[in-house]
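J.: Sequence first, predicted coordinates after that:
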Amino acid sequence: MIETENLTKKFGDLIAVDSVTLRVEEGEVLGFLGPNGAGKTTTVRMLCCLISKTSGTARIAGYEVGNEADSLKIRKLIGLVPDNVGLYDSLSAYDNLDFYGKLYDCTETQRKENIHRLLTMLGLWEKKDVAAGTFSKGMKQKLAIARSLIHDPKVLFMDEPTANLDPESAKTVRDFILDMKNEKRTIFLNTHNLDEAQRICDKIAILNTKLKAMGTPSELERSVSGRKTVIQLEQASDAILSALKKLPIRNIVVDGNRLTIDVADPEKENSVIMDTIFRAGGHVQSATIVGSTLEDAYLNLVRRAK
Amino acid sequence: MRLSKSWIIASKDFKVYMKKKNLIYALIVVPFLVSFLFPGVISYSGNKNGGSGIPASELTVLLPAFTFFYLILAGYLPSSIASYSLVGEKVEKSLEPLLATPTTDSEILLGKGIAAFVPPVVAILGGSAIFMALMDLVTYSKLGYDFFPNWNAAIVLFLMVPLAVIMSVEWNVVVSSRVSDVRAAQQLGILLVIPFAGIYVSGELGIVNLGVTNNLLIVAGILFVVDLLLLYVARATFQREEILTSWK
């Protein structure tokens, strides 16, 4: 449904997005992760035909991004929830949605039905005649999501939809995204929230100007080489630590009597570590192998880029 | 270009204006104040000098110049509404979702243009109708005929005023791309009043006879050419990428 190949955007000498190649299938949710300034919003704007690409290609549902004739077709096919909700504060929730429904060529009946359905689903129907400017942040965000869905788009671009929301509102929005996922919409989700990405997304792409990695959350977790072994000692000592430091171990974190050791291959290395501890006079109370998380994968990829 | 799309955008803006009472007041107060003020001044000066007042020959010079004052309003009034229409959307960050809809830049620009064009023109024409009726009332005894309506007034109100309003709207589009708050946009937008005020003062001082049809048509022609030039600049300024990446 969404395909890019070497998609690049330059602003003068600054490369904002560099040769991004990705593919999102119909009905998939892609989490687009990256630090501030990584080019996430720029990518979304290019895919929504809001700004031009410098080079490369991109297609949405077979339509060519950058082709003047296809741009209107793409915009009709997609919904956008920008990072700023951008509602008309003096208009009511109903009028905000009705205006966009008209721009998307929805008939009056379609508009009435869609507005009723969306506002009811998002718990805003009772407030339909209230000016959007009086809404809380969470309500505004929900209304912006409703606006993006007024024309029943196949593809939805969401730019940090839960940023700055309280936990309850964020959960409502996340649940709503999951509902849309169940409706088989293709969703391109820009987010900083790794937990959210892990829970909602089928695939995750990590961007830092260049695309650093893309895969399922578990594939990315596995991509971080090595895991950690957490050892609880009866009593840590200098003798144990100096003995361990002689081993080819990348990192040891000491927290009281607990040691957290980075290991590339725990099945092989842990027996050597245990043996070393015993020889140095230590007694192990427990040992646990901890796998790497999506956060580890993200930080590893982003830091490596620096 | 689909006019229906532009009309949807303009209709939405009209709805927004109706919720902003200060915008409505700004539109109505000045044209209607002027409509009562000028006939009042003529009436007062007529009674003051023992009833002799301003000679008929001077009245026929003054009245067209007064009519020309509506051209100053045409340069001034759209700035409040056009700056709100564009900078207001920028401040509310509502341009991005609007730009993401299946509308072209030209359709959005035209919609914004209609929204900024119609209210000032309606206010000016409404105000000028009152002005002409009252002026006829207070000058009939002196002139012996109804001075208004006449062809020159028609040229000013139905040709030059719309051209001046279009110019003001286009100027405000250009200004809106360079400022980030409504007040600054209005202040810069009002600069357009200066050339119109210059022509008005020239008419009052008798440097240019604004009662001569050819003179009015020359000014209208100049306005038309400037409108075309500004349209080119406004169109170049109002592009999705420019708005999202370069507008302050």
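T.: In hand now; what should we look at? Residues are numbered from 1 along each chain as shown, chains lettered A, B, ... in the order given.
J.: Verify the contact between residue B:174 and residue B:237 for me.
T.: Yes. Between residue B:174 and residue B:237 there is a contact at 5.4 Å, judged by Cβ atoms under 8 Å. From N, CA and C alone the C-beta is placed, and that goes for glycine too.
J.: And chain A, what are its domain boundaries?
T.: Domain ranges of chain A: A:2-216, A:224-305, per automatic domain parsing.
J.: Please verify my assumption that residue B:20 contacts residue A:88.
T.: No. Applying Cβ under 8 Å as the test, residue B:20 and residue A:88 come out as separate, 11.2 Å apart.
J.: Please identify which of those two sits among more neighbours.
T.: Each of residue B:20 and residue A:88 has its neighbours counted (other Cβ atoms under 10 Å in any protein chain shown); residue A:88 has more, 24 against 15.
J.: how about that one, secondary structure?
T.: Per DSSP: H, G, I helix; E, B strand; the rest coil, the local secondary structure of residue A:88 is coil.
J.: what sits against it?
T.: Residue A:88 makes contacts with A:95-96, A:99, A:132, B:12, B:16, B:92, B:94, as judged by Cβ atoms under 8 Å, 6 or more residues apart in numbering or on different chains.
J.: hmm, 6 Å instead?
T.: A:96, B:94 (Cβ atoms under 6 Å, 6 or more residues apart in numbering or on different chains).
J.: Let me see the backbone angles for it.
T.: Main-chain torsions, residue A:88, degrees, to the nearest 10: phi -90, psi 100.
J.: now it: how far from residue B:9?
T.: Going from residue A:88 to residue B:9 by Cβ to Cβ, to the nearest Å gives 11 Å.
J.: Residue B:167 is nearest to which of the domains of chain A?
T.: domain A:2-216 (27.4 Å; Cβ to Cβ).
J.: what separates the closest one from the chain centre, distance-wise?
T.: Averaging C-alpha positions (Cα atoms, centre = their mean, to the nearest Å) puts domain A:2-216 12 Å from its chain's average.
J.: Ignoring the adjacent residues along the chain, who's closest to residue B:208?
T.: Nearest non-adjacent residue to residue B:208, counting by Cβ to Cβ, 6 or more residues apart in numbering or on different chains: residue B:202, 4.4 Å away.
J.: So for the one you found, what pLDDT did the model give?
T.: Predicted confidence (pLDDT) for residue B:202: 79.
J.: which outside residues touch the longest helix seen in chain A?
T.: Determined from DSSP state H, the single longest helix within chain A is helix A:167-182. With contacts defined as Cβ under 6 Å, 6+ apart, helix A:167-182 is touched by A:29, A:138, A:161-162, A:200.
J.: Do a quick rundown of the strands in chain B.
T.: Taking DSSP state E, chain B contains no strands at all.
J.: In space, what's closest to the residue nearest the centre of it - neighbours in sequence excluded?
T.: Chain B has residue B:74 as the residue nearest its centroid, 1.6 Å off, counting by Cα atoms, centre = their mean. Once flanking residues are discounted, residue B:74 sits nearest to residue B:164: 3.6 Å by Cβ to Cβ, 6+ apart.
J.: Just give me the neighbour total for that neighbour.
T.: With other Cβ under 10 Å as criterion, residue B:164 counts 32.
J.: Repeat that for the one 5 residues further on.
T.: By the other Cβ under 10 Å criterion, the neighbourhood of residue B:169 contains 28 residues.
J.: Identify the residue spatially nearest to it, adjacent ones excluded.
T.: residue B:116 is the one closest to residue B:169 (Cβ to Cβ, 6+ apart), at 4.5 Å.
J.: And the residue nearest to residue B:74, what's its pLDDT?
T.: At residue B:164, pLDDT is 92.
J.: Thought residue B:75 was touching it, still the case?
T.: Yes. With contact defined as Cβ atoms under 6 Å, residue B:164 reaches residue B:75; the gap is 5.4 Å.
J.: Next to chain A, which bits of chain B? Give me the list.
T.: Proximity of chain B to chain A, by Cβ under 6 Å from any Cβ of the partner chain, involves residues B:8, B:12, B:16, B:19, B:93-94, B:96-97, B:99-102, B:240-241, B:244.
J.: Just the buried ones from those?
T.: By neighbour count, with 16 or more other Cβ atoms under 10 Å in any protein chain shown, the residues of chain B next to chain A hold B:8, B:12, B:16, B:19, B:94, B:96-97, B:99-102, B:240, B:244 as buried.
J.: need those residues in CSV with pLDDT, can you?
T.: Output for those, formatted as CSV (pLDDT from 0 to 100):
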residue, pLDDT
B:8, 95
B:12, 93
B:16, 90
B:19, 86
B:94, 87
B:96, 88
B:97, 92
B:99, 90
B:100, 91
B:101, 93
B:102, 92
B:240, 79
B:244, 77
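J.: Of these, which is the nearest to residue A:3?
T.: residue B:100 (19.7 Å).
J.: can you pull the contacts of that closest one?
T.: A:48, A:80.
J.: So, low pLDDT: which residues of chain A?
T.: Applying pLDDT under 70 to chain A picks out residues A:222-226, A:250, A:291-292, A:304-306.
J.: of the domains of chain A, which approaches residue B:33 most closely?
T.: Comparing the domains of chain A by Cβ to Cβ, domain A:2-216 comes nearest, at 26.4 Å.
J.: Run a quick neighbour tally on residue A:177.
T.: 24.
J.: distance of it from residue A:97?
T.: Residue A:177 is 19 Å from residue A:97, by Cβ to Cβ.
J.: Was I right to think residue A:72 contacts residue B:102?
T.: Yes. Distance between residue A:72 and residue B:102: 4.6 Å, which falls inside the contact criterion (Cβ under 6 Å).
J.: Would you confirm that residue A:261 belongs to a helix?
T.: No. Counting by three-state DSSP, residue A:261 is not found in a helix; it is strand.
J.: related to what we said a few turns ago, out of the domains of chain A, which is closest to residue B:42?
T.: Of these, nearest to residue B:42 by Cβ to Cβ is domain A:2-216, at 41.0 Å.
J.: the longest helix in chain B is where?
T.: Secondary structure assigned by DSSP H gives helix B:105-143 as the longest helix of chain B.
J.: before we move on, the earlier item: check whether the residue nearest to the centre of chain B really touches residue B:163, as I assumed.
T.: No. Between residue B:74 and residue B:163 there is no contact under Cβ under 6 Å: 8.2 Å.
J.: burial count for residue A:252?
T.: Using other Cβ under 10 Å, the number of residues around residue A:252 comes to 15.
J.: List the residues that contact it.
T.: A:259, A:261.
J.: distance of it from residue A:260?
T.: From residue A:252 over to residue A:260 the distance is 7 Å, taken as Cβ to Cβ.
J.: Check which helix or strand residue A:17 maps to.
T.: According to DSSP states H and E, residue A:17 maps onto strand A:14-24.
J.: Counting neighbours, which bits of that strand end up buried?
T.: Neighbour counts over strand A:14-24 (16+ other Cβ under 10 Å) mark A:16-18, A:20, A:22, A:24 as buried.
J.: Chain B contacts on the stretch 101-250 of chain A?
T.: Going by Cβ under 6 Å from any Cβ, the residues of the stretch 101-250 of chain A near chain B are A:102-103.
J.: Could you look up the next helix or strand downstream of whichever strand or helix holds residue A:267?
T.: Using DSSP H and E, the element containing residue A:267 is helix A:266-279. Per DSSP H and E, the first helix or strand lying C-terminal to helix A:266-279 is strand A:284-290.
J.: Name the nearest residue to residue B:179, sequence neighbours excluded.
T.: In space, residue B:179 is closest to residue B:185, 4.9 Å off (Cβ to Cβ, 6+ apart).
J.: Could you count how many residues lie near that neighbour?
T.: Neighbours around residue B:185, by other Cβ under 10 Å: 27.
J.: quick one: pLDDT of it?
T.: 77.
J.: shouldn't it be in contact with residue B:87?
T.: Yes. Contact criterion Cβ under 6 Å: residue B:185 and residue B:87 qualify, at 4.4 Å.
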